[in-house]
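[1] Sequence below, structure please.
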Amino acid sequence: VQLQASGGGLVQPGGSLRLSCTPSGFTLDYYAIGWFRQAPRKEREGVARLSSSDGSTYYADSVKGRFSISRDNAKNTVYPQMDNLKPEDTAVYYCARRTPGGLYDYWGRGTQVTVSS
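    Numbering: from 1, shown residues only. Predicted coordinates:
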């Protein structure tokens, strides 16, 4: 099982980025995917989650209204769309597989997002 996160980069405040997470070794039909971020000297924060069963979503208050998450079943890929980015969104972003029991058991390598003018 592996997860590959990509799409990070440098963007100006107010800009947008679309990340992606492509798992291998399992399909999104059976597992939810969570997105987390960790900024320097800060604790890891859960920012979004996409359910496998009904497609329901969760967003942290810090990103609600600016981030959205979707998936392409044909590509087995999850896409967090991040709009109106702020400098405080600067962090390494990770995707992880969520088990039916609510634990995150596999993590991808992070992708750096930097919001700066």
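[2] which residues does the most centrally placed residue in the chain form a beta bridge with?
    Among the residues of the chain, the one closest to the centroid is residue 35, at 3.2 Å (Cα atoms, centre = their mean). For residue 35, the residues forming beta bridges with it (DSSP bridges) are residue 48, residue 95.
[3] Residue 95 is in contact with that one, correct?
    Yes: counting by Cβ atoms under 8 Å, residue 95 is a contact partner of residue 35 at 5.5 Å. Glycine gets a C-beta too; all of them are placed from N, C-alpha and C.
[4] Give me the pLDDT value at residue 73.
    According to the predicted model, the pLDDT of residue 73 comes to 89.
[5] typo on my end, it should be residue 98
    Per-residue pLDDT puts residue 98 at 94.
[6] How about the one 5 residues further on?
    We have a pLDDT of 94 for residue 103.
[7] Are there residues contacting both of residue 35 and residue 95? Which ones?
    Counting by Cβ atoms under 8 Å, 6 or more residues apart in numbering, the shared contacts of residue 35 and residue 95 are 19, 21, 78.
[8] Can I get the host helix or strand of residue 21 in PDB, CA atoms only?
    Mapping residue 21 onto the secondary structure by DSSP states H and E places it in strand 20-24. What follows is strand 20-24 as a C-alpha-only set of coordinates in PDB (Å, rounded to 0.1, in the frame of the first residue of the first chain):
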ATOM      1  CA  SER A  20      -3.700  15.100  -5.600                       C
ATOM      2  CA  CYS A  21      -3.400  11.800  -3.800                       C
ATOM      3  CA  THR A  22      -3.200   8.600  -5.800                       C
ATOM      4  CA  PRO A  23      -3.200   5.400  -3.700                       C
ATOM      5  CA  SER A  24      -1.800   2.100  -4.900                       C
END
